[in-house]
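Q: Could you look at this predicted model? Sequence included:
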Number of protein chains: 2
Amino acid sequence: MSSSVPVVDIHTHIYPPSYMELLKSRDEIPYIRQFPPAKEHRLVILPAEDTPSTSRGRPIGSGYYDISERIAFMNTHSISTSIISLANPWLDWLPSTTALPTALSINTEINSLCAQHPTRLYFFGTLPLSAPPSSILESITHLKTLPYCRGIILGTSGLGSGLDDPALLPIFKELAANNFPIFLHPHYGLPTSVFGPRGNDYGHVLPLALGFPMETTIAVTRMILSSVFTSVPDLQVILAHSGGTLPFLAGRIESCILHDAHLKAEGKLSEGRKTIWEILKKNIWLDAVVYGDVGVRGAVGVSGADRVMFGTDAPFFPPLDEEEVGQQWLSVSMNKDAISSACGAGSEEEKAILGGNAIRLFGLDLDASG
Amino acid sequence: MSSSVPVVDIHTHIYPPSYMELLKSRDEIPYIRQFPPAKEHRLVILPAEDTPSTSRGRPIGSGYYDISERIAFMNTHSISTSIISLANPWLDWLPSTTALPTALSINTEINSLCAQHPTRLYFFGTLPLSAPPSSILESITHLKTLPYCRGIILGTSGLGSGLDDPALLPIFKELAANNFPIFLHPHYGLPTSVFGPRGNDYGHVLPLALGFPMETTIAVTRMILSSVFTSVPDLQVILAHSGGTLPFLAGRIESCILHDAHLKAEGKLSEGRKTIWEILKKNIWLDAVVYGDVGVRGAVGVSGADRVMFGTDAPFFPPLDEEEVGQQWLSVSMNKDAISSACGAGSEEEKAILGGNAIRLFGLDLDASG
């Protein structure tokens, strides 16, 4: 890590070997399978990509599960440290009875991967959300014993009915009490119908480019409207893809709240209400996976340059051309360029977003990495 | 209009008297009705607001249909000129047989309202989309004869299957050939299921704050992916609510296109492809109805300060408190303040967004308004 600016990737996923085996044993989403005559294995995680076509699912090479390839990717892109997380759809789909042991096992496995590469890898744990609440709390206690854990990754489904579910409050409180931020990540997208009858003509663009960020925005807005951040004032939530669309829509959300007769009648517009602007600056962090300077400026505009953090979304969005393997990924350079363009190359804000904020938030030890 | 800066409101809706009668004659969405014991009439246009509650639909007072009240509103807010448009859901729901005569009649009626207030009012016409294509083209020919028409307002349904429908291309070409911009406006929102089982607890916030802008974004992205702006290079589209979320998601959309194996295999990533950035600067205009400076900066960032235009969304989002009637509306001041904050009070950019861009685009004659 000869670079003077430590770069930390807070948005990067891994399918550890035991998770790969779980997916290969399945025949419905999520699953991994060969589609003859092709010999390669393909990963299918979205309903919209599970239709017979040349683009059914996506090729799943060793970059998805081999940690040494991730280290090579980090070296190629001058990334000092990565906070790896299990990729979606995590453990949401497991039967209640196996969810806790699977979570304990996979979190332990990922912690071991980090231990093999000290100072290069930390991780977000995964909760067994289909297990009973006591088991979910038990998994958090377990995560506290894993030295490389720095928070948890969470989808938008929660216990099955979204993140505005009051039954989640004890879990949110336990996470906040243990200084475990939530990395909120989309997976379920939007119903395919909203993309119209010609959606398949556009490859994966509509669900990936629009469905994912809209799902994230709806989930966090429901948290805000249900007063999660009043009930758990210390809860810290890192939003994937720069908040989906939250920075851009924050003003409209606040205006719709202020103009809603029902909320007023219910006494929800009282003086003590936390505005969306306060929540964005006190409870929300945003990754910088937004592929454009306008997006980075929006993220910085709402949450501040001290709450936005670089990410790659690897192993997703690899180069389409084989000959580019081993070179810088276009998806990564788009995000790095966007930060430079928005903040100024070499600026303190750029350094904070590339690594400083993550080092501070997660208490990362990079000293031995030189 | 003593102000030195002419203010033009390009996003403001009207329910002319004959349209009110149409809605009162119906008993399914869209409709107007009393819900006893309340004596007031209420307007219901969204499925999500058609559930029994204190907030079923919204009160529909004279501000919705009385043009003299709109002029008073304009005077209160120092608005020189408004481009009024029929409110959603327009004429999309009419039987095929009555759509054309109804469109001709309502467009003529709105043109007459404008004629009563020269230089103060212009309008966007409405197309009879459920009528045969030849009738839709006939309605455009009719709009050319109405001197106050400056474009058309369009929902996202098109002929029933979205704006990426190839059957719309002749209509888009006719609009472009006649210099009629499309004002693209949401109405259908997203399926209620995406807002979860507690959505009704939050009044109208989720469908209005999130469903509307997401619908707009999906619609225009489908237009982009289906190459509408290559087929009709002169087509000009004004996006409601600052593009929904398009400015913020533009980078992600472009990245997803560039990384899509299916689009590449189909030859859709060729050199001649119009990028989203080109389309945003050559075919897209954005209103400034975004309620926050971060949003205005995003709109200006992608399309330029010469393609963003002030709007109010009146008569929607009136003050909740009776005593505020006749005073400045909070929803309007939020948007004006956002423009000032983003561009600088008194700046040339602010003047352009408040009125200059609309005067140029629509060739407005404000001379007699002093």
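A: That came through, no problem. Residues are numbered from 1 along each chain as shown, chains lettered A, B, ... in the order given.
Q: end-to-end on stretch A:76-85?
A: End-to-end distance for stretch A:76-85, by C-alpha to C-alpha, to the nearest Å: 20 Å.
Q: what about stretch A:34-47 and chain B, any contact?
A: No. Residues of stretch A:34-47 are not located near chain B by C-beta under 8 Å from any C-beta of the partner chain, the shortest gap being 11.1 Å. Backbone N, C-alpha and C define where each C-beta goes, glycine included.
Q: what's next to that stretch, contact-wise?
A: A:15, A:23-24, A:29-33, A:50, A:56-61, A:64, A:87-89, A:187, A:189, A:192, A:204, A:207 (C-beta atoms under 8 Å, 6 or more residues apart in numbering or on different chains).
Q: Among these, the buried ones, what's the ChimeraX command?
A: Applying 16 or more other C-beta atoms under 10 Å in any protein chain shown to these, the buried members can be selected in ChimeraX as follows:
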select /A:15,23,30,31,32,33,57,58,60,64,87,88,89,187,189,192,204,207
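Q: Also within reach of chain B: list those from the contacts of stretch A:34-47.
A: A:58, A:204.
Q: how deep is residue A:344 tucked in, by neighbour count?
A: 11 (other C-beta atoms under 10 Å in any protein chain shown).
Q: That one against residue A:351, yeah?
A: No. Assessed by C-beta atoms under 8 Å, residue A:344 is found out of contact with residue A:351, at 10.5 Å.
Q: Looking at chain A, which residue reaches furthest from the middle?
A: Using C-alpha atoms, centre = their mean, the residue of chain A lying farthest from its centre is residue A:265. It sits 36.2 Å away.
Q: do you know how far that residue is from chain B?
A: Residue A:265 sits 6 Å away from chain B, taking C-beta to the nearest C-beta, to the nearest Å as the criterion.
Q: Let me know the secondary structure of the closest residue to residue A:311 other than its chain neighbours.
A: Sequence neighbours aside, residue A:11 is the residue nearest to residue A:311 in space, at 2.7 Å (criterion: C-beta to C-beta, 6 or more residues apart in numbering or on different chains). Three-state assignment for residue A:11 (DSSP: H, G, I helix; E, B strand; the rest coil): strand.
Q: domains of chain A?
A: A:1-13+A:71-87+A:288-363, A:185-285 (the TED database).
Q: Mean pLDDT added to those, as a markdown table?
A: Below are these laid out as a markdown table (pLDDT from 0 to 100):
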| stretch | mean pLDDT |
| --- | --- |
| domain A:1-13+A:71-87+A:288-363 | 94 |
| domain A:185-285 | 96 |
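Q: related to what we said a few turns ago, my guess is the residue nearest to residue A:311 contacts residue A:242, does it?
A: No. The pair residue A:11 / residue A:242 is not scored as a contact, 10.0 Å apart, by C-beta under 8 Å.
Q: residue boundaries of the helices in the stretch 101-250 of chain A?
A: For the stretch 101-250 of chain A, helices defined by DSSP state H, counting those that start in this stretch occupy the ranges A:133-144, A:169-177, A:205, A:212-225, A:228-231, A:246-258.
Q: So for chain B, which of the ones you listed sits nearest?
A: Nearest of these to chain B, taken as C-beta to the nearest C-beta: helix A:246-258 at 2.4 Å.
Q: quick one: buried residues of the closest one?
A: So helix A:246-258, judged by 16+ other C-beta under 10 Å, has buried residues A:246-258.
Q: Give me the next element, helix or strand, following it.
A: Sequence order places helix A:261-265 as the next helix or strand after helix A:246-258, per DSSP states H and E.
Q: As TSV, the domains of chain A with distance to residue B:146 would be great.
A: Shown next, in TSV, are the domains of chain A (distance: least, C-beta to C-beta, whole Å):
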stretch	distance to residue B:146
domain A:1-13+A:71-87+A:288-363	37
domain A:185-285	32
